[in-house]
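In: Provide a 3D model corresponding to the input given below.
(2 chains)
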Amino acid sequence: MNNIELADLIYPSLPHTPEEYEAMYPARDLPAGAKVTRLGPSPTGFIHLGNLYGAFVDERLAHQSGGTFFLRIEDTDDKRFVENAVEIIISSLAFFGINFDEGVTENGDIGTYGDYTQSHRGEIYRTFAKRLLEQGLAYPCFLSEDEISAIREQQEAAKTSPGIYAGWSKYRDWDKDPAVAAEVESKIRAGEPFVIRLKSHGVPNASAEETARHTVIDAIRGELSVPDNFQDVVIIKQTGIPTYHFAHVVDDHLMRTTHVVRGEEWLPSLPIHIELFEDLGWDLPVYCHTAQLMKIGEDGNKRKLSKRKDPELSLDFYRSQGYHPAAVREYLLTILNSNYEEWRLANPDAPTDDFDFTTEKMSSSGALFDLDKLNDVSKSTLLRIDAAELAGWLRSWSEEFAPEYSYVFRDMDHLAAILDLGRHDARPRADLVYARQIMEYIGYFFDEAFRIEDEYPAEAAADKDVILRSYLESYDHSDDNEQWFGKIRELAVDLGYAAKPKDFKKHPEEYKGHVGHVSTVIRIALMGRATSPDVWAIQQIMGEQTVRSRISAQIDC
RNA sequence: GGCGCAUUGGUCAAGAGGUCAAGACGUCGCCCUCUCACGGCGGAAUCCAGGGUUCGAUUCCCUGAUGCGCUACCA
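Out: Next up is the predicted model:
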C-alpha cells in the first residue's frame, strides 16, 4: 500500500479535487490594497469586550481599505455549542456597530466563498487532508488516549518535549514497516477510529542553533522569528472534524483572507500554521496578533479577561448598564490606537470612521480595562449626541433592561429638555455617562423618584421655613435667571447672610452664612439634593406648579 | 518544567542613544462660582533589576525578575 492507496482507502470518494476548490474560490476581485478580514467566533453565545476589541480591528482594516469583512462560525468543537449563539453574536456585534459584508447572517449565508460555517465544510477539509495523505505529509494515527498519556509520562520522565512527533507514534512511519502497514490497512477497513496527524518535517528537540526559523512580519508586532514546528498535530479529529489549525489554514486560504487578526495566545501555534501553509503550497496571510485586554484580578495581578470570571466584561454588562454603543466604540478606539485620542481632540465632531486606523499604532502589550476612562470618554461622546436621539435611545434601553423607569418616558419632549440641560452652554455640562446613571441623575424631575436625600445646610437649617416661605411669596415664574437670582440674594441679605461667599469667608463672624447656603435650602426643597445644575433652568423645565408644590411641601410650620 | 510574548507614573500611553521623559484618565491643591458639573492653572507620581557596548543609555546587547499566554482529538 502506498500513500495514494492509503488516502483512497481513508477517503474513497470526495466530490471535488483541491484544484476544483481553488477554481471555485478564485482570488477576489478587489481594488489594490483592499484587505479581507474575518471574525471567527465559536458559537458559545458569549462575547466579551476582548472579542469586540478584535472585531473592531477586523472591521476597520477591511472597511477602511475598501475590502471585505466576513463572519465565519468556527464550530469545530462540538462540545461547546450553544443554541441561538449565532444570533446573539450577530446582534451583539451589530449593536456596537460591527457589520459584516459577507458570511453567516440570521437569514443564511451571503457571499460566494462559503459555506461560512465550519461544521458544513467537512468535505473541503477532507479533500485537502487527503492531498496531504497522498503526498506523505500526513498520516492516520490510532494511538488511544491511554497510549498517549503513557507517552506523555515517558516524555516527562525523560524531560523531553511532550507531544506526538517523530519517534513516538509508530503509525507515523507505517510505510517503512510492512507489519504496521498491514495493521493500518486492516484497522481502517474494520472502521476503527483514528485521527489524521500532520507529518511534520521539523527536527524534534533541536538546539536553538539548529532550529530552522522563519521570519514573519506581524502587522502589529513587527518582525517575528518563528521556529520550525516539529509536532505532528492533529488536523482531523476522530469525528472527522478538523482542528482549529487545519480549519484556519484551509478556510483563510479558500476564503482569500488577507489579514488574520487574532489574539496573541495564538502566537505559539504560528509554527504549525506556517508549516501547514507551506505543505499546501499557499501564501501566508498577514498576521495581526493583538494584545489581550486584561483586568486586575482578586490577587492584584494582571490577568486575561475571562469569560467565566468576568461577567461584568461581557458586552451585556455595558448594554444593561446603558453605555451608549458609540461610547464603547470610542473607548475601544482609544485603547486600540495610541494616537486616537489626539486625533479626537483635533477633530471633536468628525465621525470615528474618518480616523485612519493602523495596526502599527497598536500596542503589543495587554491593556488593563479602565472603567474611569470609559466613563470619561462616555461623557464627551454623549455630548455629541442630540438630546431627542438620546431620549429615544434611553427609552429602548429602558424597555429592554429597566422597565421600572417607564415613568421617565411619558413625555419625550420633556425628557429631551431635561437631557439638554446645560449642554449648549459655552462650556457644556458633561453630566451624562450611562443610562442607569442618567436615570438616577435626572430622577428629581419625576415625582416617582423625587425624595429629600440631603440634609439642609447647618448654616441655614434654622431659617429653612422662613427662607422657603419668602421664596414662595416672591417667586415669579416669568423672571429671567438674573432677576430670579437677584431676589435670592436680596432674601439672603435680609436674613443676615452674606451676598457673596467671599464676604462670608473674610468675616464669618458677621454673617449666619452666605447666599450659597440659602440657595442650597431651595435646591434641596426642589431637587432633594444639595447639588444640581442651575436651579432657574431646572424650574423652567419643571413648571411653576411643581416648583410651588415642592417648596410648600417642605415648609413645616 | 519547556517554549513564546510583554515590561515608561495608580491606569492608558508618546518618545529618541544626549529631552526639563509628551499627552489623556484618575488623584491632590488653587481659580472661576449660589451648589454641582464644565473650564482654567498648578502639584504629586514613571523608564523592572543587574551587567555590558558607548564620552553618554530609559532607548542597543546579555542575564535575571515579574506578568501574561501556549504546552488538547478547545478555540
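In: what sits against whatever residue of the stretch 301-450 of chain A ends up closest to RNA strand B?
Out: Across the stretch 301-450 of chain A, the shortest distance to RNA strand B (Cβ to the nearest atom of the strand) belongs to A:Ser365, at 2.9 Å. C-beta coordinates here come from the backbone N, C-alpha and C atoms, glycine included. Taking Cβ atoms under 8 Å, 6 or more residues apart in numbering, we find A:Ser365 in contact with A:Ala291.
In: looking at strand pairing, list the partners for A:Pro242.
Out: A:Ile236 (DSSP bridges).
In: just to revisit the earlier point, tell me the SS of the residue of the stretch 301-450 of chain A closest to RNA strand B?
Out: Following DSSP: H, G, I helix; E, B strand; the rest coil, A:Ser365 is assigned to coil.
In: CA atoms only for the helix or strand hosting A:Trp397, dumped as PDB, please.
Out: Assigned by DSSP states H and E, A:Trp397 belongs to helix A:387-401. C-alpha atoms of helix A:387-401 as PDB (Å, rounded to 0.1, in the frame of the first residue of the first chain):
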ATOM      1  CA  ALA A 387     -31.000  65.100  23.000                       C
ATOM      2  CA  ALA A 388     -34.000  63.800  21.200                       C
ATOM      3  CA  GLU A 389     -32.000  60.900  19.800                       C
ATOM      4  CA  LEU A 390     -30.500  60.200  23.200                       C
ATOM      5  CA  ALA A 391     -34.000  60.200  24.700                       C
ATOM      6  CA  GLY A 392     -35.200  57.600  22.200                       C
ATOM      7  CA  TRP A 393     -32.200  55.500  22.800                       C
ATOM      8  CA  LEU A 394     -32.700  55.700  26.600                       C
ATOM      9  CA  ARG A 395     -36.300  54.600  26.100                       C
ATOM     10  CA  SER A 396     -35.400  51.500  24.100                       C
ATOM     11  CA  TRP A 397     -32.700  50.700  26.700                       C
ATOM     12  CA  SER A 398     -35.300  51.000  29.500                       C
ATOM     13  CA  GLU A 399     -37.800  48.800  27.700                       C
ATOM     14  CA  GLU A 400     -35.200  46.100  27.500                       C
ATOM     15  CA  PHE A 401     -33.200  46.400  30.700                       C
END
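In: mind giving me the packing neighbours of whichever helix or strand comes after that helix?
Out: The C-terminal neighbour of helix A:387-401 among helices and strands, as given by DSSP H and E, is helix A:412-419. Judged by 3 or more Cβ pairs under 8 Å, 6 or more residues apart in numbering; DSSP states H and E, helix A:412-419 is in contact with helix A:387-401, helix A:535-542.
In: please repeat the previous calculation with a cut-off of 6 Å.
Out: Applying 3 or more Cβ pairs under 6 Å, 6 or more residues apart in numbering; DSSP states H and E, one finds that helix A:412-419 makes contact with helix A:387-401.
In: tell me where chain A has strands.
Out: A:36-39, A:68-71, A:102-105, A:108-110, A:138-141, A:195-198, A:213-218, A:222-227, A:234-236, A:259-263, A:286-290, A:294-296, A:302-304 (DSSP state E).
In: just send the ones you listed back as CSV, with mean neighbour count and distance to RNA strand B too.
Out: What follows is the strands of chain A, written out as CSV (neighbours: other Cβ atoms under 10 Å; distance: least, Cβ to the nearest atom of the strand, whole Å):
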stretch, mean neighbour count, distance to RNA strand B
strand A:36-39, 26, 11
strand A:68-71, 24, 13
strand A:102-105, 21, 14
strand A:108-110, 14, 18
strand A:138-141, 24, 8
strand A:195-198, 24, 5
strand A:213-218, 14, 9
strand A:222-227, 12, 6
strand A:234-236, 24, 4
strand A:259-263, 21, 8
strand A:286-290, 22, 8
strand A:294-296, 16, 6
strand A:302-304, 15, 4
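In: which parts of the stretch 301-450 of chain A sit against RNA strand B?
Out: Listed as neighbours of RNA strand B in the stretch 301-450 of chain A under the rule Cβ under 7 Å from any atom of the strand: A:301-304, A:334-335, A:338-339, A:341-342, A:361, A:363-368, A:370, A:372-373, A:375-376, A:379, A:422, A:425, A:427-431.
In: export the strands of chain A to JSON lines and tack on mean pLDDT?
Out: What follows is the strands of chain A, written out as JSON lines (pLDDT from 0 to 100):
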{"stretch": "strand A:36-39", "mean pLDDT": "97"}
{"stretch": "strand A:68-71", "mean pLDDT": "98"}
{"stretch": "strand A:102-105", "mean pLDDT": "96"}
{"stretch": "strand A:108-110", "mean pLDDT": "93"}
{"stretch": "strand A:138-141", "mean pLDDT": "97"}
{"stretch": "strand A:195-198", "mean pLDDT": "97"}
{"stretch": "strand A:213-218", "mean pLDDT": "90"}
{"stretch": "strand A:222-227", "mean pLDDT": "88"}
{"stretch": "strand A:234-236", "mean pLDDT": "97"}
{"stretch": "strand A:259-263", "mean pLDDT": "95"}
{"stretch": "strand A:286-290", "mean pLDDT": "94"}
{"stretch": "strand A:294-296", "mean pLDDT": "60"}
{"stretch": "strand A:302-304", "mean pLDDT": "50"}
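In: in the stretch 401-550 of chain A, which residue sits nearest RNA strand B?
Out: The minimum distance from the stretch 401-550 of chain A to RNA strand B, using Cβ to the nearest atom of the strand, falls at A:Gly516 (2.6 Å).
In: the closest residue to that residue other than its chain neighbours: neighbour count?
Out: The shortest distance from A:Gly516 to any non-neighbouring residue, by Cβ to Cβ, 6 or more residues apart in numbering, is to A:Pro501 (5.4 Å). A:Pro501 has 14 neighbours, counted by other Cβ atoms under 10 Å.
In: next: the one 5 residues further on.
Out: Using other Cβ under 10 Å, A:Lys506 has 11 other residues around it.
In: pLDDT below threshold where in the stretch 101-250 of chain A?
Out: For the stretch 101-250 of chain A, applying pLDDT under 70 flags no range at all.
In: near RNA strand B, which residues of it are found?
Out: A:143-145, A:148, A:152, A:159, A:161-164, A:193, A:195, A:221, A:224-225, A:227, A:233-234, A:237-239, A:241, A:243-244.
In: show me just the buried residues among these.
Out: A:143, A:148, A:164, A:195, A:221, A:233-234, A:237, A:241, A:243-244 (16 or more other Cβ atoms under 10 Å).
In: farthest-separated two in these?
Out: Greatest spatial distance in these: A:Leu143 and A:Arg221, 35.6 Å, computed using Cβ to Cβ.
In: now the helices for the stretch 251-400 of chain A?
Out: A:270-280, A:315-321, A:325-336, A:340-346, A:371-383, A:387-401 (DSSP state H, counting those that start in this stretch).
In: what's the burial count for the nearest residue to A:Ala525 once chain neighbours are set aside?
Out: Among residues not flanking A:Ala525 along the chain, A:Gln554 sits closest, at 4.1 Å (Cβ to Cβ, 6+ apart). A count of neighbours around A:Gln554, defined by other Cβ under 10 Å, yields 18.
In: is RNA strand B within reach of stretch A:53-64?
Out: No. Judged by Cβ under 7 Å from any atom of the strand, stretch A:53-64 stays clear of RNA strand B, getting no closer than 10.7 Å.
In: hmm, back to that, I'd like the helices of the stretch 251-400 of chain A as JSON lines, with mean neighbour count and mean pLDDT appended.
Out: Output for the helices of the stretch 251-400 of chain A, formatted as JSON lines (neighbours: other Cβ atoms under 10 Å; pLDDT from 0 to 100):
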{"stretch": "helix A:270-280", "mean neighbour count": "21", "mean pLDDT": "97"}
{"stretch": "helix A:315-321", "mean neighbour count": "18", "mean pLDDT": "87"}
{"stretch": "helix A:325-336", "mean neighbour count": "21", "mean pLDDT": "92"}
{"stretch": "helix A:340-346", "mean neighbour count": "14", "mean pLDDT": "89"}
{"stretch": "helix A:371-383", "mean neighbour count": "17", "mean pLDDT": "94"}
{"stretch": "helix A:387-401", "mean neighbour count": "17", "mean pLDDT": "96"}
